[in-house]
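Enquirer: show me the folded form of this:
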Amino acid sequence: MGDEQCQRFEHFRGQSQTCFIFSILHSDCNYLQQDKIKMNKTDIQHIFWSILHFVFGKRVVCVYKYYDLALSYVHLFRQWFDYLSWKIDFSVIQMTVTCRLIYYAVDLQDGKAYDTGFWTYYSYIFSFFSIMIGPVPYHNYLNLLNQKEEYSNIKFNKYKSVITNLIKALLFCGGEIWIRPYVDYDWYDSPQWNELNLLQKNVLQAIIGLVARMRYFAGFKFTQAAMDAVGITYNEDSQQFDKFITCDYSYEKDVSAIHKTTKWNTTVQMWLKYCFFDKLSNLFNVSTAYYMTYGISALWHGFYLGYYQTFFWWALINQNCKYVYRCRDKFQWIPASLRSIIAFTYCTFTMNQIAMTMGLLDWDKGMRFNNSMYWSGPIAVLIVFFFFFITQFGQKRRI
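Expert: A predicted model of the protein is given here:
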């Protein structure tokens, strides 16, 4: 065995042992005793990643195969043993870890990972400040550790940002605790729901969607506070902690579907663009890369059929937004305020309606909900999409 092979073997053995220790320290003892397979799963997947990391080196495709294997196992495990659950458990951590693994591989391939030491890599993969959500590129993490570039001279007092985000997170928690029980998905199976007309249903489901998002905004803001406290979000240009934003709740009042998308789970949107869309657009045309990225995002979320229906309609809604933007000069005769009202109404009702299929998780419940809405949201999306796709009205170039 050569020196290089010996060194790789030592790295591999050290990481395997460390993963085992980490899984014990990071997990609840009773939890492990009740279901030991979850600990074994963690060990196996990180041992497998060790092989990929130290043997295959810079091959991003290998890391993507790991992502398919390990994360798919986690999703299937959860779907089998905890069906229709929205619990924040090991599967959520694995989703974020997957983002980091692929970030690491991409930066390694692009030559941006100037420090590939084992402990540096491992501290990045399991950095606790955003262990649930909020993945950031590996090279930004390295710059923070080494106080390089934008992190070389942090001037702004970060405590204001941290405290502000903590307060916002607590307020959203209050909404989840005291408001959510009265405005929940249970409405869709109630006798009162079927007595409402379509307009009333649209208004009520918009309110239900708004309240349901409070739990996510709470999680986003807690993570934002932690990321700000570490300093990873510092922006040298603005001298504010806004380089990486987990979410922007002005999402609720935006009139553009594309803007709404970028403001929701923003760090994951950045990951999808950085690691997939930008790479795929070099191999395929932009439209193909666009739809492939939505497919990857759906797979990353899990295997409930409702996910795929939601992401399909979500992609079409954003495509419609592009169509309308390109021919915006054709609608200048409509007053700006009225254009905003029309766009807000269309985006809010269609996006809320398609998102409910994902929120309900259960396919049958999702179908019952869509039937009760007469499939008005998807039909509205298809009408706009096929109008522009067939006529190419006001389009400067074909997508």
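Enquirer: what about residue 145, how many neighbours?
Expert: The local packing of residue 145 (other Cβ atoms under 10 Å) involves 15 other residues. No exception for glycine: its C-beta is placed from N, CA and C like everyone else's.
Enquirer: ok, now residue 123?
Expert: So residue 123, with other Cβ under 10 Å, has 13 neighbours.
Enquirer: so where does it fall, helix or strand?
Expert: helix 118-125 (DSSP states H and E).
Enquirer: what's the first helix or strand after that helix?
Expert: helix 138-146.
Enquirer: next SSE downstream of that next one?
Expert: helix 159-178.
Enquirer: list the buried ones in the helix holding residue 123?
Expert: The neighbour-count check on helix 118-125 (16 or more other Cβ atoms under 10 Å) flags 118, 120, 121, 122, 124, 125 as buried.
Enquirer: my read: residue 135 touches residue 268, true?
Expert: Yes. With contact defined as Cβ atoms under 8 Å, residue 135 reaches residue 268; the gap is 6.9 Å.
Enquirer: who has more neighbours, those two?
Expert: Neighbour tally, residue 135 and residue 268, criterion other Cβ under 10 Å: the higher count belongs to residue 135, 26 against 20.
Enquirer: what's the closest non-adjacent residue to that one?
Expert: Closest residue in space to residue 135, ignoring its immediate chain neighbours: residue 99 at 3.6 Å, by Cβ to Cβ, 6 or more residues apart in numbering.
Enquirer: try residue 317
Expert: residue 257 (4.7 Å).
Enquirer: separation between the one you found and residue 186?
Expert: 28 Å (Cβ to Cβ, to the nearest Å).
Enquirer: of the two, which one has the most company?
Expert: residue 257 (24 against 11).
Enquirer: for the more buried one, what are its contacts?
Expert: 317, 318, 320, 321, 347, 350, 351 (Cβ atoms under 8 Å, 6 or more residues apart in numbering).
Enquirer: identify the residue nearest the geometric centre of this protein.
Expert: By Cα atoms, centre = their mean, the mean C-alpha position of the chain lies nearest to residue 268, the distance being 4.0 Å.
Enquirer: related to what we said a few turns ago, so what's in contact with residue 135 and residue 268 at the same time?
Expert: With Cβ under 8 Å, 6+ apart as the test, residue 135 and residue 268 both reach residue 99.
Enquirer: ok, residue 357 - contacts?
Expert: Here residue 357 is in contact with 306, 309, 310, 366, 369, 370 (Cβ under 8 Å, 6+ apart).
Enquirer: circling back: you'd agree the residue nearest to the centre of the chain is up against residue 99?
Expert: Yes. Between residue 268 and residue 99 there is a contact under Cβ under 8 Å: 6.8 Å.
Enquirer: shared neighbours of these two, anything?
Expert: residue 135.
Enquirer: any idea which of the buried residues of helix 118-125 is closest to residue 78?
Expert: residue 125 (20.7 Å; Cβ to Cβ).
Enquirer: any idea how far the closest one is from residue 136?
Expert: 12 Å.
Enquirer: circling back to that earlier point, okay, the residue nearest to residue 317 and residue 325: tell me how far apart.
Expert: In terms of Cβ to Cβ, residue 257 sits 10 Å off from residue 325.
Enquirer: go on, residue 255?
Expert: Residue 255 is 11 Å from residue 325, by Cβ to Cβ.
Enquirer: show me where the stretch 1-150 of the chain has its helices.
Expert: 3-26, 29-34, 36-51, 60-66, 72-81, 90-109, 118-125, 138-146 (DSSP state H, counting those that start in this stretch).
Enquirer: would you single out the least confident of the ones you listed?
Expert: Set side by side, these give their lowest mean pLDDT on helix 29-34, at a mean of 31.
Enquirer: now what about the host helix or strand of residue 381, what contacts it?
Expert: Counting by DSSP H and E, the element that carries residue 381 is helix 376-391. For helix 376-391, contacts defined as Cβ under 8 Å, 6+ apart pick out 198, 202, 313, 316-317, 319-320, 323-324, 327, 346, 349-350, 352-354, 370, 393, 395.
Enquirer: which positions in it come out as buried?
Expert: Per 16+ other Cβ under 10 Å, helix 376-391 contains these buried residues: 377, 378, 380, 381, 384, 385, 388, 389.
Enquirer: and stretch 204-211, by the same measure?
Expert: 204, 205, 206, 208, 209, 211.
Enquirer: could you tell me which of these belong to helices?
Expert: Those of the buried residues of stretch 204-211 mapping onto helices are 204, 205, 206, 208, 209, 211, per DSSP state H.
Enquirer: what's near enough to touch the second one?
Expert: When you say that, I think you mean residue 205. 188, 352, 353, 356, 373.
Enquirer: if I look at it, how far off is residue 346?
Expert: 15 Å.
Enquirer: so residue 268: helix, strand or coil?
Expert: Reduced to three states with DSSP: H, G, I helix; E, B strand; the rest coil, the structure at residue 268 is helix.
Enquirer: how near is it to residue 201?
Expert: For residue 268 relative to residue 201 (Cβ to Cβ), the value is 30 Å.
Enquirer: run through who's touching the helix or strand hosting residue 291.
Expert: Using DSSP H and E, residue 291 maps to helix 286-301. Residues from elsewhere that reach helix 286-301 (Cβ under 8 Å, 6+ apart): 67-68, 71-72, 95, 98, 268, 272-273, 276-277, 280-281, 283-284, 307-308, 310-312, 314-315, 319, 358, 399.
Enquirer: repeat that for stretch 336-348.
Expert: 206, 253-257, 260, 317, 321, 324, 331, 334, 380.
Enquirer: these: which two are farthest apart?
Expert: Top of the distance list for these (Cβ to Cβ): 206 and 331, 24.1 Å.
Enquirer: residue 131 reaches residue 93, doesn't it?
Expert: Yes. Applying Cβ under 8 Å as the test, residue 131 and residue 93 come out as touching, 5.8 Å apart.
Enquirer: what about residue 365, distance to residue 380?
Expert: 21 Å.
Enquirer: go on, residue 288?
Expert: 25 Å.
Enquirer: looking at residue 130 now. What's its pLDDT?
Expert: 89.
Enquirer: neighbours of it, how many?
Expert: So residue 130, with other Cβ under 10 Å, has 22 neighbours.
Enquirer: fine by me, we can end here.
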